[in-house]
Each structure stands twice: as structure tokens, then as C-alpha cells.
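S.K.: Below is the sequence, then the predicted model.
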Amino acid sequence: MQLAKKKELAAKVLKVGKKRILFTEENLTEIKEAISRQDIVDLHKAGAIKIREIKGRKKIVKRKHKRGKGKVKKKVREKKREYVLLTRKLRGVVKNMLRIGQVEKTKYLQVRKMIKAKKFKSKRHLGESVGELE
């Protein structure tokens, strides 16, 4: 007895999978005669067509990806940009002074720390201060 098409119809009408549809043995003749969607609904209400419970476990929903630290793009603050430009410029000047021999190693290290602490406003200020330090 082929009831595959009836199972498909019942699955569509009752909005479940084909594997979950169960036909009771006693009512197979009534099920065979069912043609319309309404017939299927009536048979389900009467108990001739049953729906199997879902077996297995619930699917664990994976958390959506968080944006990593490396992907965060921040705008560099203007103060920082100014600090970086001035610091690089002044470090270059002091390094040049060390190479030429205008400043010895200990003084060079001391001036580098002062540059980091933003003691100098410009190249000229640095030059004047290094002259006073000697």
C-alpha cells in the first residue's frame, strides 16, 4: 500500500517533515480516501494521523563573531600626532648631535628623556637648552 503522496500532502498541510508523519493502522482506508487538505486536517484532529515528537537535542546557536582588537580603526588624536612629529624631529636632531660629537652619550640619554617628557617646543629651543646643559 503506497501512501507516500498522502504523507507528502499531510507534511505540507501540518507543516512538519515527512518523517514525522505517522498513519495509524486502523484508519488506513480513511487515509487512502482523503483527497483534500481539509480531509487531512480532519483526520489529524480525529487521531488517524499523528505527528512524531522531535528527537535529538536542540541546535546550539553559535555566537556571531565579535570584531577583533586588530580590526578597530580609531582616529589618532591631533595632540598625539603633534607629539609624534615633534618627538621624531627632535630625536633626529639629538642623534645627529651625538654623531657629530656635540653631545656625549650620557647627555644624549638625558636629552632623550627630556624630549619624551615634552620639555622642548622646537629645534631652536632644544639647541638653546642643550647649550645651557653643557
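M.R.: Arrived safely, thanks for sending.

S.K.: From the contact counts, what lies against the one helix or strand residue 79 maps to?
M.R.: Residue 79 is part of helix 78-100 when elements are defined by DSSP states H and E. For helix 78-100, the contact count by 3 or more Cβ pairs under 8 Å, 6 or more residues apart in numbering; DSSP states H and E identifies helix 105-116, helix 123-133 as packing neighbours. C-beta here means a position set from N, CA and C on the backbone, and glycine is covered the same way.

S.K.: Tell me how far the shortest one lies from the chain's centre.
M.R.: Chain-centre distance of helix 123-133: 51 Å, with Cα atoms, centre = their mean, to the nearest Å.

S.K.: just the longest one next, same as before
M.R.: Centroid separation for helix 105-116 versus its chain: 44 Å, with Cα atoms, centre = their mean.

S.K.: what's near enough to touch the closest residue to residue 102 other than its chain neighbours?
M.R.: In space, not counting the residues next to it along the chain, residue 102 is nearest to residue 130; the distance is 7.6 Å by Cβ to Cβ, 6 or more residues apart in numbering. The contact partners of residue 130, taken as Cβ atoms under 8 Å, 6 or more residues apart in numbering, are 94, 97, 102, 103, 107, 111.
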